[in-house]
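Student: Pasted the sequence and its predicted model underneath.
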Amino acid sequence: MTRIDFYVLPTNAPHERRVLACKLTEKAWRQGMTVYIHTSSETETGIMDKLLWTFRQGSFIPHEISTAAPIEREDMSVLVGHGHPPDNFRELLINLSLDTPPLLGEYQRVAELVDEDETVRAEGRKRYLVYKQQGRLLETHKIV
């Protein structure tokens, strides 16, 4: 069963959600997990692509933009995109989109990043209720 963690930030700055996505990605990458960062658009994908190299001094998270084609490189474990990820990326999905991520039930874990922006918070609550009705394992982490 997919475990879904909601990370709630005390800010409404989109940049803070993105930085948290980078931190979660780095932690999972260091643990050897495959990570798919699901964005809402090509523009957001581009922002995350750049931020993964620069979110902190000395950061280095090797990644590629997802094309939905299978990734055959064994050293590539982080993808960023706004569509369906390749089949071999099903360990952790980090959702930066306001929508329910594609293929939700196929992931071991999903990280939902929510902040104080009215729209982000309202859509996050909707997804939480849907997940709860589906009987998913839910946990909430308030970031201070």
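Tutor: Received it, and whenever you're ready, just let me know what you need. Residues are numbered from 1 along each chain as shown.
Student: Going along the chain, name the strands of the protein.
Tutor: 3-8, 35-38, 64-65, 78-81, 92-95, 109-114, 137-142 (DSSP state E).
Student: among the helices and strands of this protein, which has the poorest mean pLDDT?
Tutor: strand 64-65 (a mean of 89; mean pLDDT, DSSP states H and E).
Student: May I have the strands that pair with it, each with its orientation?
Tutor: Partner strands for strand 64-65, per DSSP bridges, with pairing direction: strand 78-81 (parallel).
Student: beta partners for the spatially most central residue of the chain?
Tutor: Centroid check for the chain by CA atoms, centre = their mean gives residue 94 as the closest residue, at 1.3 Å. For residue 94, the beta-bridge partners are residue 37, residue 111 (DSSP bridges).
Student: low-scoring stretches of the protein, by residue?
Tutor: Scanning the chain for pLDDT under 70 picks out 68-75.
Student: Let me know the distance separating residue 35 from residue 11.
Tutor: Note on residue 35: its distance to residue 11, by CB to CB, to the nearest Å, is 23 Å. For glycine as for every other residue, the C-beta is placed from the backbone atoms N, C-alpha and C.
Student: more neighbours, the two?
Tutor: Between residue 35 and residue 11, counting by other CB atoms under 10 Å, residue 35 is the more crowded of the two (26 against 12).
Student: tell me the contacts of that one?
Tutor: For residue 35, the contacting residues are 25, 28, 29, 77, 78, 79, 89, 91, 92, 93, 94, by CB atoms under 8 Å, 6 or more residues apart in numbering.
Student: so residue 111 touches residue 3, yeah?
Tutor: No - using CB atoms under 8 Å, residue 111 is not in contact with residue 3; the gap is 9.7 Å.
Student: More neighbours: the two, which one.
Tutor: residue 111 (24 against 14).
Student: For that one, give its distance to residue 52.
Tutor: 15 Å.
Student: residue boundaries of the helices in the chain?
Tutor: For the chain, helices defined by DSSP state H occupy the ranges 14-30, 42-54, 118-133.
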